[in-house]
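**Student:** give the three-dimensional model of this entry:
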Amino acid sequence: MTIANSSSSTLLERTKQTHQYPEARVIVLDDDVNTFEHVVKCLCKIIPGMTEEKAWERAHLIDREGSAEVWSGPLEQAELYHQQLASEGLTMAPIERC
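**Tutor:** Residues are numbered from 1 along each chain as shown. This is a model prediction of the structure:
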């Protein structure tokens, strides 16, 4: 909208702001309860694109290092996968924002 009077005119410009959607990491912790097979089954069932081979690699990493990132991406999806893995009995770290 332009406002004009006899002595001057003012032009108001709209500024554009973009906000990046928050990202997060889903991390599974090692425990003495879940078997490798159960972890692999859960990862393949819940995490999109997780192959059995990748799931076995993650399970061994969890065992060896004490934890492993199994997925990262938009916060809302991370919350869903975190909740689903926890409901299957996996021991989860709190969601980490990236």
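
**Student:** can you list the buried residues in the helix or strand that contains Ala55?
**Tutor:** Using DSSP states H and E, Ala55 falls within helix 52-65. By neighbour count on 16 or more other Cβ atoms under 10 Å, the buried set for helix 52-65 is 55-56, 58-59, 61-62. For glycine as for every other residue, the C-beta is placed from the backbone atoms N, C-alpha and C.

**Student:** which one of those is nearest to Leu43?
**Tutor:** Compare each of the buried residues of helix 52-65 with Leu43 using Cβ to Cβ and the shortest gap goes to Ala55, at 4.1 Å.

**Student:** quick one: contacts for that closest one?
**Tutor:** Counting by Cβ atoms under 8 Å, 6 or more residues apart in numbering, Ala55 touches 39-40, 43-44, 47.

**Student:** which SS class is the most centrally placed residue in the chain?
**Tutor:** A centroid search over the chain (Cα atoms, centre = their mean) returns Ala78, at 3.3 Å, as the residue closest to the centre. When classified by DSSP: H, G, I helix; E, B strand; the rest coil, Ala78 comes out as helix.

**Student:** distance of it relative to Thr15?
**Tutor:** 31 Å (Cβ to Cβ, to the nearest Å).

**Student:** picking that back up, beyond the helix holding Ala55, next helix or strand please.
**Tutor:** Next along from helix 52-65, by DSSP H and E: strand 67-74.

**Student:** can you list contacts of that next one?
**Tutor:** For strand 67-74, the surrounding residues in contact (Cβ under 8 Å, 6+ apart) are 21-30, 43, 47, 50, 58, 61-62, 77-78, 81, 85, 93, 98.

**Student:** okay, Leu16: pLDDT?
**Tutor:** In this structure residue 16 is Lys, not Leu. Listed pLDDT for Lys16 reads 75.

**Student:** what's around Ile95, how many residues?
**Tutor:** If you count neighbours by other Cβ atoms under 10 Å, Ile95 ends up with 15.

**Student:** what's near enough to touch the closest residue to it other than its chain neighbours?
**Tutor:** Using Cβ to Cβ, 6 or more residues apart in numbering and skipping the chain neighbours, the partner closest in space to Ile95 is Ala24 (5.0 Å). Contacts for Ala24 (Cβ under 8 Å, 6+ apart) come out as 72-75, 78-79, 95-98.
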